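Colleague: Just need the structure, nothing else, for what follows:
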Amino acid sequence: MIIVQSFVALALVLGLVWLFYRLFMLLQAKLGLSGPERSIRVEERTSLGDKRQLLLVSVEGQRFLLGATSHQISLVSNLEQKPLAESEDEQSAIDEDAQADSMASAKIKPFRRILGEIAK
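Modeller: Numbers count the residues shown, from 1 in each chain. Predicted coordinates for the structure are as follows:
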């Protein structure tokens with residue numbers, strides 16, 4: 001009888017710990033208290049097969065296109081990140097930057113195609 005009571009008490013305590021953990025995580029997410037924002041973020045990852053990948057990485061407002069294998073990481077291209085518009089006057093300048101970014105993206109597309117052919 002004592003063994004059954006012990007298991008019930010243990011289950012109750014574990015259930016309460018799990019409940020408080022879930023409530024804490026929910027509250028943390030709602031209040032935005034999930035910790036400091038990371039300064040390095042992988043925005044996109046494309047596998048090229050056989051432990052090779054292409055990574056789009058953001059570091060403190062700058063974007064980099066990296067090539068990674070199991071033995072090394074190489075900088076493929078340094079891309080500019082377009083800033084957020086604070087006024088309508090800045091929007092036109094940002095639109096011009098977006099057009100330049102699309103040109104840079106057009107330069108990367110043939111590179112991706114070549115890497116895809118190499119990966120095959």
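
Colleague: now the strands for the protein?
Modeller: 40-49, 52-59, 62-68, 73-80 (DSSP state E).

Colleague: so the last one versus strand 62-68, what angle?
Modeller: Orientation note: strand 73-80 sits at an angle of 150 degrees relative to strand 62-68 (axes from the mean of the first three to the mean of the last three Cα atoms, to 10 degrees).

Colleague: Need the strands of the chain in CSV (columns: distance to Leu16, mean pLDDT and mean neighbour count).
Modeller: Quick note: C-beta positions are derived from backbone N, CA and C, even for glycine. Shown next, in CSV, are those (distance: least, Cβ to Cβ, whole Å; pLDDT from 0 to 100; neighbours: other Cβ atoms under 10 Å):
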stretch, distance to Leu16, mean pLDDT, mean neighbour count
strand 40-49, 36, 88, 11
strand 52-59, 40, 90, 17
strand 62-68, 44, 91, 16
strand 73-80, 46, 87, 12
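
Colleague: any chance of those strands in JSON lines, plus distance to Leu23?
Modeller: Putting these into JSON lines (distance: least, Cβ to Cβ, whole Å) gives the following:
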{"stretch": "strand 40-49", "distance to Leu23": "28"}
{"stretch": "strand 52-59", "distance to Leu23": "32"}
{"stretch": "strand 62-68", "distance to Leu23": "38"}
{"stretch": "strand 73-80", "distance to Leu23": "41"}
